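A.B. asks: Let me see the structure of the following:
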Amino acid sequence: MQPGPRNLITDVAGLRVGNAEDHQIKTGTTVLVADKPFRASVDVMGGSPGSRETELLAPDKLVEDIDALVLSGGSAFGLDAASGVTDGLRKLGRGFRVEKATVPIVPGAIIFDLLNNGDKDWDENPYRALGAQALANAREDFALGTAGAGVGALTANLKGGLGSASLVIPGGFTVGALVVANPTGSVTMGDSRHFWAAPFEANGEFGGLGPLPGPLPFEQTARSKRDWVTPISNTTIAIVATDADLTKAQLKRLAVAAQDGIARGASPAHTQVDGDLIFSVSTGARPITTPVLNALQLGHAAAVCLSRAMARAIYLATPAPDDPVPTWRERWGS
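C.D. replies: Next up, the predicted model:
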């Protein structure tokens, strides 16, 4: 398996990603949209999720295709970013048709980034405007690290961020991941520069350092934000996507399998104070030929991409004034 040409989720043909940020607030929004409506599902393993319109993604619900997905900072305030995306899609004539009405379907999820020393004293919720701007910015190429919904993200010991990665797997299927890495845990192994995702790294995409030699004491495998900020200010949210033609039920299993990527990318993961959530997406461009084998390969690839994307998010983060923790590059060098 090799990364696609961009090593981004947009290596899945037809997908585009847009970012919008407010660096004074230290927050932002990221939108995934496609050339046409796409099928999606979701899986939640964190104990403190924040989301919008996720129930309709269950296999037994009526709506088969959606128009966009939103990942945002801002905790509950950030759920309003999807309203800005909905406004923009409606102007484009996109949405679920009900007689004369057109209703864009835009599920979303949020991270908690309200305690990162940004100026949160706004008079009007800024996330609707950020959502609209992110949709307008949607392209095949987009920034990682301190960008979009990753601007205000933090980990246990380093600045978090926005990450993405892709793989082309046997059968010609493309799989990609997009993640906002803001876990209560650490994405690096203890106090070292080595990433938990190191065994899955491709082409030195986050430094090529490999795993940390030797065992880690338990206390260093379970670091959290408890030492410097309230431990409920967490969550990793992500999207995994493929061009394989999957049903909503198959996409549900893809999202479940992809949760392993969070567990491989951060320690601890899926805690009671994280809202870990993964959307899964199919553009339906490539038919499935051997369903069981393809499902195994696609699930494994989604988890691998997600763990790599988490490491890339932290590796590519850049510093800003008053950050409560350093970036990986500030602490360990380039």
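A.B. asks: Please count neighbours and contacts with C-alpha atoms only from this point.
C.D. replies: Fine.
A.B. asks: just so I have it, where are all the strands in the stretch 101-250 of the chain?
C.D. replies: 101-103, 108-110, 161-168, 174-181, 237-244 (DSSP state E, counting those that start in this stretch).
A.B. asks: Can you flag the weakest of those strands by average pLDDT?
C.D. replies: Lowest mean pLDDT of the strands of the stretch 101-250 of the chain: strand 101-103, a mean of 90.
A.B. asks: Quick one: list the elements packing against it.
C.D. replies: Where contact means 3 or more C-alpha pairs under 8 Å, 6 or more residues apart in numbering; DSSP states H and E, strand 101-103 is packed against strand 96-98.
A.B. asks: and the strand it packs on, which residues are buried?
C.D. replies: Using 16 or more other C-alpha atoms under 10 Å as the burial criterion, the residues of strand 96-98 that qualify are residue 96.
A.B. asks: do the same with stretch 240-257
C.D. replies: Within stretch 240-257, the residues scored as buried using 16+ other C-alpha under 10 Å are 240-248, 250-257.
A.B. asks: cool, stretch 45-64 as well?
C.D. replies: Buried residues in stretch 45-64, counted by 16+ other C-alpha under 10 Å: 45-46, 48-52, 54, 56-59, 64.
A.B. asks: which residues are contacting it?
C.D. replies: Under the criterion C-alpha atoms under 8 Å, 6 or more residues apart in numbering, residues 39-42, 75-76, 79, 106-111, 235, 248-249, 252, 259, 270-277 lie in contact with stretch 45-64.
A.B. asks: Just the buried subset of the residues you listed, please.
C.D. replies: Neighbour counting by 16+ other C-alpha under 10 Å classes 39-42, 75-76, 79, 106-111, 235, 248, 252, 259, 270-277 among these as buried.
A.B. asks: Where helices are concerned, which of those count?
C.D. replies: 248, 252, 259 (DSSP state H).
A.B. asks: For the nearest residue to the last one once chain neighbours are set aside, give its distance to residue 185.
C.D. replies: Setting aside the residues directly before and after it, residue 259 is nearest to residue 303 in space (C-alpha to C-alpha, 6 or more residues apart in numbering), at 6.6 Å. Distance of residue 303 to residue 185, computed by C-alpha to C-alpha, to the nearest Å: 18 Å.
A.B. asks: for the strands of the stretch 101-250 of the chain, which one sits closest to residue 120?
C.D. replies: The closest of these to residue 120 is strand 108-110. By C-alpha to C-alpha, the value is 16.0 Å.
A.B. asks: and that closest one, what does it pack onto?
C.D. replies: Using 3+ C-alpha pairs under 8 Å, 6+ apart: strand 108-110 touches strand 51-52, strand 65-72.
A.B. asks: Might you calculate how far the last one sits from the centre of the chain?
C.D. replies: Looking back up the chat, that one is strand 65-72. Relative to the mean C-alpha coordinate of its chain, strand 65-72 is positioned 12 Å out (C-alpha atoms, centre = their mean, to the nearest Å).
A.B. asks: And for residue 192, the neighbour number?
C.D. replies: 12 (other C-alpha atoms under 10 Å).
A.B. asks: Do you have the helices of this structure handy? List them.
C.D. replies: With DSSP H, the ranges of helices along the chain come out as 81-91, 127-136, 218-221, 248-265, 291-315, 328-332.
A.B. asks: tell me, which of these is the model least confident about?
C.D. replies: Per-segment confidence across these bottoms out at helix 218-221, which has a mean of 65 in mean pLDDT.
A.B. asks: got the buried residues of stretch 45-64 as CSV, with pLDDT and distance to residue 155 columns?
C.D. replies: Converted to CSV, those look like this (pLDDT from 0 to 100; distance: C-alpha to C-alpha, whole Å):
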residue, pLDDT, distance to residue 155
45, 88, 18
46, 83, 15
48, 86, 16
49, 88, 17
50, 90, 18
51, 94, 21
52, 94, 24
54, 94, 25
56, 94, 31
57, 95, 29
58, 93, 30
59, 92, 33
64, 87, 35
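A.B. asks: Could you give the bridge partners of the spatially most central residue of the chain?
C.D. replies: The geometric centre of the chain, computed from its C-alpha atoms, lies nearest to residue 179 (C-alpha atoms, centre = their mean), at 2.0 Å. On the basis of DSSP bridges, residue 179 is bridged to residue 163, residue 238.
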